[in-house]
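Trainee: With the input below, show me the fold.
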Amino acid sequence: SRNPVGVDIDETGNGQNFTGCNPHTAGYISPYANFKPDTTNYNMINAGASTACIDGSAGGYACKNVDLEAFLSLEALDSGGIANDIWGWTDSQTEKEYALVGLADGTAFVDISDPSNPLHLGTLKTHTKKSSWRDIKTYADHAFIVSEATGHGMQVFDLTLLRDVNNPPQTFSETAHFDKFGYAHNVVINEETGLAVAVGSNKCNGGLYMIDVTDPVNPQTAGCFDKDGYTHDAQCVIYHGPTIQFQGSEICFASNTDSITIVDVTDRSSPKMLERKTYANSEYTHQGWLTEDHTTFLANDELDFRNNLYGQTYIFDVSDLR
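Mentor: Numbers count the residues shown, from 1 in each chain. So this is what the prediction gives:
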């Protein structure tokens, strides 16, 4: 695997001012870096105003057989001008649904249990500074938040606090904080085991930095896989595919910029790489997901359009792990 140009491996640096992660060309500027959508028609779509898909458009958005329930602007989320990730949480007690939105300067929590009337409950501010990258996952009614902001570490927030919010939007405080790494591009959680994995961090050569979050407010370092360089995203599961030898094992499928790298992390103190799956004309292996039967991994390349390719899905047979 190849580290993306611009990764500040020394956490004492001034942070990650990336305009685009690209393993090939120093100074590469993403074609999306200065992208600003035309919101001329979007501003008229406010919370509480659903819009049907008519003639291929719903409130200014292209659509097909999907209606627009509501729109919340970045300004309404007090975003600092940028948002980059979104995750969801369903409260098992109330069955309410929430959107957790990564912003430049924090994380917004939005009650979407009434889709036509989303309610911005409040924001958890960044632990250090603003960043274009902030990612969130959930486990045991807690949110785990990482960022590429220097020194950010991992924020932990008790999501049950969203049940009783008076006079929204509120400014929330961290429930706990994990400081054993500085920055990370993303965090992955295996909800079956309570294993969190920070990827693209300043630890483990940017690879799989494993954290035990079974006690959500007391995260503990669990292991490190650094043998294949930078990981941009991953999925970690208890494997139940057809390879008998690995059934019941904890396996991570990592998108490592030019490969799908498969790692057995059952023994977190001694993870083992099982296989690297590569493909022609790779540019930036960005993310992927297993099929439910664990036989196939579907992946995407963020930059393959530079090879005059349309965006496409790469299909990997992972039915025979070895």
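Trainee: could you measure Asp85 against Asp258, distance?
Mentor: From Asp85 across to Asp258, the span is 23 Å (CB to CB, to the nearest Å). Where you see a C-beta, it was placed from the backbone N, CA and C, and this is true even at glycine.
Trainee: Which of those two has more residues huddled nearby?
Mentor: Using other CB atoms under 10 Å as the criterion, Asp85 and Asp258 rank with Asp258 on top: 21 against 18.
Trainee: Ignoring the adjacent residues along the chain, who's closest to that one?
Mentor: In this structure, Asp258 finds its nearest non-sequential neighbour in Ser282, 4.5 Å apart by CB to CB, 6 or more residues apart in numbering.
Trainee: where are the low-confidence patches of the stretch 1-150 of the chain?
Mentor: 1-49 (pLDDT under 70).
Trainee: Next up, the contacts around the closest residue to Tyr239 other than its chain neighbours.
Mentor: Of all residues not flanking Tyr239 in the chain, Ile251 sits nearest, at 4.5 Å (CB to CB, 6+ apart). Neighbouring residues of Ile251 by CB atoms under 8 Å, 6 or more residues apart in numbering: 236-239, 262-266, 274, 321.
Trainee: can I get those in a markdown table with distance to Tyr230?
Mentor: Shown next, in a markdown table, are the contacts of Ile251 (distance: CB to CB, whole Å):
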| residue | distance to Tyr230 |
| --- | --- |
| Cys236 | 17 |
| Val237 | 21 |
| Ile238 | 25 |
| Tyr239 | 24 |
| Ile262 | 16 |
| Val263 | 14 |
| Asp264 | 20 |
| Val265 | 17 |
| Thr266 | 23 |
| Leu274 | 19 |
| Leu321 | 23 |
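Trainee: What is the nearest of these to Leu100?
Mentor: Nearest to Leu100 among the contacts of Ile251, counting by CB to CB, is Cys236 at 19.7 Å.
Trainee: Would you agree the closest one is in contact with Cys252?
Mentor: Yes: Cys236 lies in contact with Cys252 (CB atoms under 8 Å); the separation is 4.2 Å.
Trainee: More neighbours: those two, which one.
Mentor: Under the neighbour definition other CB under 10 Å, Cys236 and Cys252 were set side by side, and Cys252 has more, 26 against 23.
Trainee: Quick check: which element contains the more buried one?
Mentor: Assessed by DSSP states H and E, Cys252 sits inside strand 250-255.
Trainee: The residue nearest to Tyr239 and Tyr209: what is the separation?
Mentor: Applying CB to CB, the value for Ile251 to Tyr209 is 17 Å.
Trainee: Right, I'll call it a day here.
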